[in-house]
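A.B. asks: output the structure for:
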Amino acid sequence: MQNYIKSTVLGIICCTAISACGTREGTDKNNYYDKPLKVEVYSPEESHAGGIYINGKVRAEKTVDISTRVMGYITRIYVKPGDKVKKGNLLVSVNSDDLNAKKARAEAMVAEAAAAAGNAQKDYERYRELRKSNSVSDKELENASLQKTSMQAKLQMAGQQLQEIKAMLAYTNIKAPFSGTITQKIMDEGGMANPGMPLLTMEQDGKLQVIASVPESYIKYVKTGNSVKVNLKAAGEYFNGEIMELSPSSFSSGGQYAIKISVPSGCRTKMRAGMYASVFIPGIIPEVRESGLLLRKSSIVHKNQLTGVYVVDDKDRAMLRWVRLGKSVGDKVEVLSGVGAEDKVILKLRGKLFNGKKVLTDK
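C.D. replies: Okay, here's the model as predicted:
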């Protein structure tokens, strides 16, 4: 009998414990689903109506190919890509033995012509004095004058030839035309340099611009002074610029008109020439499309190959809405379908969200 009573008591205790545990587990589970999660929401922003997107690239304001006007073997290249140089620094030396020989010959010709010109000058002066005493005829004085003029012309010609050779020699020691950075080395030491063939490429430091092309169907709406928005994804830069220059012709660019866009000085530290840019020219073509909406990238949810956002419904529940996205505009992205301007989109995902989750909004 006592054993029976003990068994009964133990059974009651166990049932009570199990019941209590079940109740606590159910309570915790209900609290997880029912307790509102605090979230921050926003409404999709209207994008500028009638804007167009074009692609561009960052370029230095001044870029040059360093070349020579003489033919010869490259004896030395003093720089490499990435080197900073100042105006006048020596960049490349080209073998100049042939030109040095021509220079020596030209100098000898100048010396010879100078001696002949000096002798002709003295002869003329003597004949002029003799003519005063009628010791020579006018014809003889005239011949002396012509000889003097001829020798002076030969001296001048020899001097010009020497200057030409010296000018050519200057192209055997190529110097930086401005201060900047070497961006490319095209030839190596020992290679044959030819007139006009690029040896190096260099860019001017500090001054950058964005080069883009506008299709001919939109060019009538674009003009210098238009404000643009530029997004450099690689550099993490998003800034406002201005169209500084607009090409008047697309003859060699297949119907694309080049534009140059200014870059604010504060954005240049992270930018590099050659980076790709997305350029948005807002509010210039009203008939292109209706106003669009922009979502903040921090609210985008990616699941498998689908893209969506969480919105708050009229019962304060989070609901996942699949969307179709368009172009990126800085930290925002254009939404083509899936949400409207009246929707409340959850900005950042705090905790675990799912369809039907109760949320508490900041506004």
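A.B. asks: got the buried residues for the biggest helix by length in the chain?
C.D. replies: Secondary structure of the chain read by DSSP state H shows that its longest helix is helix 97-132. By neighbour count with 16 or more other C-beta atoms under 10 Å, helix 97-132 contains the buried residues 99, 102-103, 106, 109-110, 113-114, 116-117, 120, 123-124, 127, 131. Any C-beta I mention is one placed from the backbone N, CA and C, and that applies to glycine too.
A.B. asks: ok, so of those residues, who is nearest Ser145?
C.D. replies: Of all those, the one sitting nearest Ser145 is Tyr124; the distance, using C-beta to C-beta, is 5.7 Å.
A.B. asks: and that closest one, what does it touch?
C.D. replies: Contact criterion C-beta atoms under 8 Å, 6 or more residues apart in numbering gives Leu141, Ala144, Ser145, Gln147, Lys148 as the residues in contact with Tyr124.
A.B. asks: and it, how far from Gly266?
C.D. replies: Look at Tyr124 and Gly266: by C-beta to C-beta, to the nearest Å, they are 72 Å apart.
A.B. asks: got it, and Ile52?
C.D. replies: 26 Å.
A.B. asks: how about His302?
C.D. replies: When distance is defined by C-beta to C-beta, His302 is 33 Å away from Gly266.
A.B. asks: starting at the chain centroid, how far to stretch 156-173?
C.D. replies: Here stretch 156-173 shows a centroid-to-chain-centroid distance of 40 Å under the convention C-alpha atoms, centre = their mean, to the nearest Å.
A.B. asks: buried sites along that stretch?
C.D. replies: Within stretch 156-173, the residues scored as buried using 16+ other C-beta under 10 Å are Ala158, Gln161, Leu162, Ile165, Met168, Leu169, Tyr171, Thr172.
A.B. asks: residues contacting the most centrally placed residue in the chain?
C.D. replies: Central residue of the chain (C-alpha atoms, centre = their mean): Val58, 1.5 Å from the mean position. With contact set as C-beta under 8 Å, 6+ apart, Val58 has these partners: 208-211, 232, 263, 271-277.
A.B. asks: read off the pLDDT value for it.
C.D. replies: With respect to pLDDT, Val58 has a value of 88.
A.B. asks: which stretches of the stretch 1-150 of the chain have low pLDDT?
C.D. replies: Per-residue confidence of the stretch 1-150 of the chain (counting by pLDDT under 70) places the weak regions at 1-34, 46-50.
A.B. asks: what ranges does it have for its strands?
C.D. replies: Secondary structure of the stretch 1-150 of the chain, counting by DSSP state E, counting those that start in this stretch: strands at 37-39, 41-42, 45-46, 52-60, 63-66, 72-77, 84-85, 90-94.
A.B. asks: how about a markdown table for those strands, with distance to Glu203 added?
C.D. replies: Shown next, in a markdown table, are the strands of the stretch 1-150 of the chain (distance: least, C-beta to C-beta, whole Å):
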| stretch | distance to Glu203 |
| --- | --- |
| strand 37-39 | 48 |
| strand 41-42 | 42 |
| strand 45-46 | 37 |
| strand 52-60 | 4 |
| strand 63-66 | 5 |
| strand 72-77 | 17 |
| strand 84-85 | 11 |
| strand 90-94 | 14 |
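A.B. asks: nearest approach to Gly191 belongs to which of those strands?
C.D. replies: Distances from Gly191 to each of these were compared using C-beta to C-beta; the minimum, 5.2 Å, belongs to strand 72-77.
A.B. asks: for the stretch 251-363 of the chain, give me the ranges with low pLDDT.
C.D. replies: Residue ranges of the stretch 251-363 of the chain with pLDDT under 70: 268-269, 283-292, 329-330, 350-351, 362-363.
A.B. asks: if we can go back for a sec, give me the buried subset of the contacts of Val58.
C.D. replies: Leu208, Gln209, Val210, Leu232, Val263, Met271, Ala273, Met275, Ala277.
A.B. asks: quick check: the fifth one vs Gly206, distance?
C.D. replies: As for Val263, its distance to Gly206 is 10 Å (criterion: C-beta to C-beta).
A.B. asks: contact partners for Phe178?
C.D. replies: Going by C-beta under 8 Å, 6+ apart, Phe178 touches Lys62, Lys87, Gln204.
A.B. asks: which of those residues are buried? Put it as a ChimeraX command.
C.D. replies: Only the buried members of the contacts of Phe178 end up in this ChimeraX selection, burial being decided by 16+ other C-beta under 10 Å:
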select :204
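A.B. asks: dump the contacts of Phe178 into a markdown table; add distance to Thr75 as well.
C.D. replies: Conversion of the contacts of Phe178 to a markdown table gives the following (distance: C-beta to C-beta, whole Å):
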| residue | distance to Thr75 |
| --- | --- |
| Lys62 | 28 |
| Lys87 | 23 |
| Gln204 | 27 |
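A.B. asks: between the contacts of Phe178, which sits nearest Lys358?
C.D. replies: The shortest gap between Lys358 and any of the contacts of Phe178 belongs to Gln204, at 59.5 Å (C-beta to C-beta).
A.B. asks: what's the closest non-adjacent residue to that closest one?
C.D. replies: Spatial nearest neighbour of Gln204, excluding adjacent residues (C-beta to C-beta, 6 or more residues apart in numbering): Lys62 at 3.9 Å.
A.B. asks: can you tell me how far the one you found is from Ser179?
C.D. replies: Noted for Lys62: a distance of 10 Å to Ser179, by C-beta to C-beta.
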